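Asks: Let's see this in three dimensions:
(one chain, ligands or ions: 1)
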Amino acid sequence: MDRRQFLTGSSLTTAAMALAWLGAGNGKAAQVRRPNILFAIADDQSAAHTSIGGDPVVETPNFDRIATEGVRFTNAYCSSPSCTPSRGAILTGQHIWRLGQGGSLWSALPSEHAVYPDLLEAAGYHVGFARKGWGPGSHEASGWPRNPAGDRYDGLGDFLEDRPRDAPFCFWFGSHEPHRPYERGSGVDSGMDPGAVRVPAMLPDAPEVRSDICDYLLECQTFDRQVGAMLDMLEDRGELDNTLIVMTSDNGMPFPRAKANLYDWGTRMPMAVRWGEAVSPGRVVDDYVDLADVAPTFLEVAGLEPTEHMTARSLAGILTGEGEGRIDPLRDRIYLGRERHAWVREGNLGYPCRALRSDEYLYIRNFEPDRWPAGDPPGYGDIDGGPTKAYLLEHRDDPEVAPLFELACAKRPAEELYHLPSDPDQMNNVAGDPAHAEARDGLWGQLERYLDETGDPRAQGGGDIFETDQYFGRPHV
Ligand SMILES: [Ca+2]
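Replies: Coordinates of the predicted model:
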């Protein structure tokens, strides 16, 4: 079945399914009409950097509003800590290792994969996006007539002007913030107190770094304001309470050992969801959520079913239920992956790894430990340039900085294991510690089985398919 046949087939069943679902009368969700959907995604914001999440410097009143009027997820993770694969997973509802070259940065997304905007459009939704949709990469190279996130608009305003009468909408707002570069010193100039900044354990605690973090936090605030303007617009139009709003990010902060790494600073995302009266407000949910779960969620609230290829699971039951804390016992872990980030190694090679994260452990398998995780020296180009990277490299021989430089840039063993209750910042690899050997072997067994079950070429001896992914950006080596 080709893409067109698939979409046509799904559109035939869509109306009947939606009507059946809406008429079911079960629970709050069934009592509302098909909701609008607003998906607001930051570019490079880590989970820790919201006010309601406890950061002492950043001010995110709009994220906090969505969380207090809806649900906040404390264990939300991107599928991969890199723009293109993270966004591809969200749109397709699949792990990145199922997306061919869509698993790499600056690539193409094979067009046989259904994406939720197309499925919703076939069901009568008005779909579109503004700013950064799927990408970076070339959607044209694999035959997409438009960005997989939908038709492009300047913003929510002109998107809504273009909306057919009475059609529900699904809009993707992809902010460019807080992606680098930053205006140096802008955070402190705005009034932020660098002395109050929490410096993550993997970064050197230096004035340059504190100032750089302030610059990043200022851009997190910009994203928050952009979302606030859209909330106001929906409220003015009387659409706010019939809109399912998801606010999150695509990968973690652009700092060493964060973005482009499978540690929490690269993968753990802020996530809050508001949906009028369909969602009991003020709940905090600790279930493990993959951002790809939004695809089957959006389909379900629109009365559709996920495609047979989707590995993600709908959150609709959690959203419309009453539970808090840990709700679904099956949501006790998350599976993460990474292939190639930037073109920063000889031969345009990636740094393939997979991980299993639960409450107790983060287990990482590095498939090519002879490669440089942050890119070939001396550039270490998978770390975005800026004052913190410059400080780390310039001070790499200082006794206090040397271990941090090693953690960010040195080669890593094939197995990494972090015991999270004693090491929440994932600084001390205990994979070689006999006290954790049984856990390590058990976790690798679980991870390997899961990868095999979900068709990961890396677990099936076919990982070479990722080594020739196209790169539509500019090489950094
Ligand atoms: Ca990003």
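Asks: how close does the closest residue to residue 42 other than its chain neighbours get to residue 329?
Replies: Distances taken as CB to CB, 6 or more residues apart in numbering place residue 249 nearest to residue 42, at 3.9 Å, with adjacent residues excluded. Where C-beta positions appear, they are placed from N, C-alpha and C, glycine not excepted. For residue 249, the distance to residue 329 equals 27 Å [CB to CB, to the nearest Å].
Asks: try residue 62
Replies: Separation of residue 62 from residue 329 (CB to CB) stands at 32 Å.
Asks: Give me the phi and psi for the residue in the chain positioned nearest to the ion.
Replies: With CB to the ion as the measure, residue 83 is the residue of the chain nearest to the ion, at 3.9 Å. Phi and psi for residue 83, reported as degrees, to the nearest 10, are phi -50, psi -60.
Asks: same question, residue 210
Replies: Dihedral angles for residue 210 - degrees, to the nearest 10 - are phi -60, psi -40.
Asks: how many other residues sit next to it?
Replies: When neighbours are defined as other CB atoms under 10 Å, residue 210 has 24 of them.
Asks: Do I have it right that it meets residue 193?
Replies: No - contact criterion CB atoms under 8 Å: residue 210 and residue 193 do not qualify, at 9.3 Å.
Asks: ok, residue 249 and residue 329, which is more surrounded?
Replies: Neighbour totals were compared for residue 249 and residue 329, and residue 249 leads with 28 against 7 (other CB under 10 Å).
Asks: show me what contacts the nearest residue to residue 210 once chain neighbours are set aside?
Replies: Excluding the flanking residues, the one nearest residue 210 by CB to CB, 6+ apart is residue 194, at 3.9 Å. When contacts are counted by CB atoms under 8 Å, 6 or more residues apart in numbering, residue 194 touches 187-188, 207, 210-211, 213-214.
Asks: how about 7 Å then?
Replies: Neighbouring residues of residue 194 by CB atoms under 7 Å, 6 or more residues apart in numbering: 188, 207, 210-211, 214.
Asks: could you flag which of those are buried?
Replies: 188, 210-211, 214 (16 or more other CB atoms under 10 Å).
Asks: check these against the ion, which are close?
Replies: Cross-checking those against the ion (CB under 5 Å from the ion) gives no overlapping residues.
Asks: Please convert those residues to CSV, extending it with pLDDT, secondary structure and distance to residue 470.
Replies: Formatted as CSV, the buried ones among the contacts of residue 194 follow (pLDDT from 0 to 100; DSSP: H, G, I helix; E, B strand; the rest coil; distance: CB to CB, whole Å):
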residue, pLDDT, secondary structure, distance to residue 470
188, 98, helix, 41
210, 98, helix, 39
211, 98, helix, 37
214, 98, helix, 37
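Asks: which two from the residues you listed end up farthest apart in space?
Replies: Spatial extent of the buried ones among the contacts of residue 194 (CB to CB) is set by the pair 188 and 210 at 8.5 Å.
Asks: Quick one: end-to-end length of stretch 309-317, please.
Replies: Counting by CA to CA, to the nearest Å, you get 20 Å between the two ends of stretch 309-317.
Asks: got it, and stretch 51-58?
Replies: 6 Å.
Asks: List the buried residues of that stretch.
Replies: 51-53, 55, 57-58.
Asks: What sits closest to residue 90 if chain neighbours are left out?
Replies: residue 291 (5.2 Å).
Asks: what stretches of this protein score poorly on pLDDT?
Replies: Along the chain, the model assigns pLDDT under 70 to residues 1-32.
Asks: Break it into its domains for me.
Replies: 3-331, 335-468 (automatic domain parsing).
Asks: how about the last one, does it reach the ion?
Replies: No - remark: domain 335-468 sits outside contact range of the ion, by CB under 5 Å from the ion, the gap being at least 9.7 Å.
Asks: Output the set of residues of the stretch 51-200 of the chain in proximity to the ion.
Replies: Near the ion, when you scan the stretch 51-200 of the chain using CB under 5 Å from the ion, you find residue 83.
Asks: Going along the chain, name the strands of the stretch 51-200 of the chain.
Replies: All strands of the stretch 51-200 of the chain, identified by DSSP state E, counting those that start in this stretch, fall at 71-77, 126-131, 151-153, 169-174.
Asks: Columns mean neighbour count on top of those, output as JSON lines?
Replies: Shown next, in JSON lines, are those (neighbours: other CB atoms under 10 Å):
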{"stretch": "strand 71-77", "mean neighbour count": "24"}
{"stretch": "strand 126-131", "mean neighbour count": "23"}
{"stretch": "strand 151-153", "mean neighbour count": "16"}
{"stretch": "strand 169-174", "mean neighbour count": "25"}
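Asks: Tabulate these (CSV), appending distance to residue 356.
Replies: Shown next, in CSV, are these (distance: least, CB to CB, whole Å):
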stretch, distance to residue 356
strand 71-77, 11
strand 126-131, 32
strand 151-153, 37
strand 169-174, 29
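Asks: Return the member of the buried residues of stretch 51-58 nearest to residue 273.
Replies: Ranking the buried residues of stretch 51-58 by separation from residue 273, with CB to CB as the measure, puts residue 52 on top at 13.3 Å.
Asks: Look up the closest residue to the closest one, ignoring the ones flanking it.
Replies: In space, residue 52 is closest to residue 64, 4.2 Å off (CB to CB, 6+ apart).
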